[in-house]
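>>> What would the 3D arrangement of this be:
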Amino acid sequence: LGTDLHRLLQQLRLNPTLSIEALVNRMFVDRKDEILDAVNFVRGQSNPPMAELLKSGNAEWGFQVQFPQAILEGQIDLWGIVDGQLWLIDYKSGDPSHVAKAFDQLEIYGLALRRMGYEQPAHLAVIYPFAEKVEMKKLNESVEILKKYPALSGLSEDKLG
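Predicted coordinates:
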């Protein structure tokens, strides 16, 4: 269910004129109301600015970044820059009580984006479409993130690029 929801949300980014309602009716006969409610919950969020992120952000964006001690590799559900602010979004279909793990993942992704030169003030958001819940926090400084992850501990601030 979570994977299918990801695909639907990616379609919003790739095909803005697509009728999500028609697609949901075709793909999810038994659960169409639940899925449509979840998609509309995501689309309706203003903080994070989902309408703009879904229009201009990077959906299901895979990356690989070389660090001196390791390679960071992952796939960000959605990220983009809106009004000078960097947003990293993770959709979760599971239990919202596991949000700390989702934020850890987003912090690592934020570190990768910093390495690629994105220095805007950054925000992390974990969206639980089925629970209709959004959790947000600011991205920690790269040095703080590196302290949390021993596999990358050989890095110093000057090597973050």
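
>>> Please identify the buried residues of stretch 88-100?
Neighbour counts over stretch 88-100 (16 or more other Cβ atoms under 10 Å) mark 88-92, 96, 99 as buried. To be clear about C-beta, it is placed using only N, CA and C from the backbone, and glycine gets the same treatment.

>>> from the residues you listed, which ones fall inside strands?
88-91 (DSSP state E).

>>> neighbouring contacts of the biggest strand by length in the chain?
Taking DSSP E as the criterion, the chain has its longest strand at strand 71-82. For strand 71-82, the external contacting residues (Cβ atoms under 8 Å, 6 or more residues apart in numbering) are 6, 9, 13, 49, 52-54, 56-65, 86-91, 105, 108-109, 111-113, 115, 118, 120, 152.

>>> Now the buried members of those.
Buried among those (16+ other Cβ under 10 Å): 6, 9, 13, 49, 53-54, 57, 59, 61, 63, 65, 86-91, 105, 108-109, 111-113, 115, 152.

>>> Tell me if I'm right that Leu5 and Ser93 touch.
Yes - taking contacts as Cβ atoms under 8 Å, Leu5 lies within contact range of Ser93: 6.1 Å.

>>> Dump the ones in strands among the buried residues of stretch 88-100 to TSV, plus pLDDT and distance to Leu23.
Formatted as TSV, those follow (pLDDT from 0 to 100; distance: Cβ to Cβ, whole Å):
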residue	pLDDT	distance to Leu23
Leu88	98	26
Ile89	97	20
Asp90	96	22
Tyr91	94	17
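
>>> show me what contacts the residue nearest to Ser93 when sequence neighbours are not counted?
Excluding the flanking residues, the one nearest Ser93 by Cβ to Cβ, 6 or more residues apart in numbering is Gly2, at 3.3 Å. By Cβ under 8 Å, 6+ apart, the residues touching Gly2 are 91-94.

>>> Name all residues that make contact with Val39.
Here Val39 is in contact with 5, 8-9, 12, 20, 24, 129 (Cβ under 8 Å, 6+ apart).

>>> Repeat the analysis, applying 7 Å as the threshold.
Residues near Val39 by Cβ atoms under 7 Å, 6 or more residues apart in numbering: 8-9, 20, 24.

>>> and the nearest residue to Val99 once chain neighbours are set aside, bridged to which residues?
Computed as Cβ to Cβ, 6+ apart, the closest residue to Val99 that is not its neighbour in sequence is Glu135, at 4.9 Å. Going by DSSP bridges, Glu135 is paired in beta bridges with Val126.
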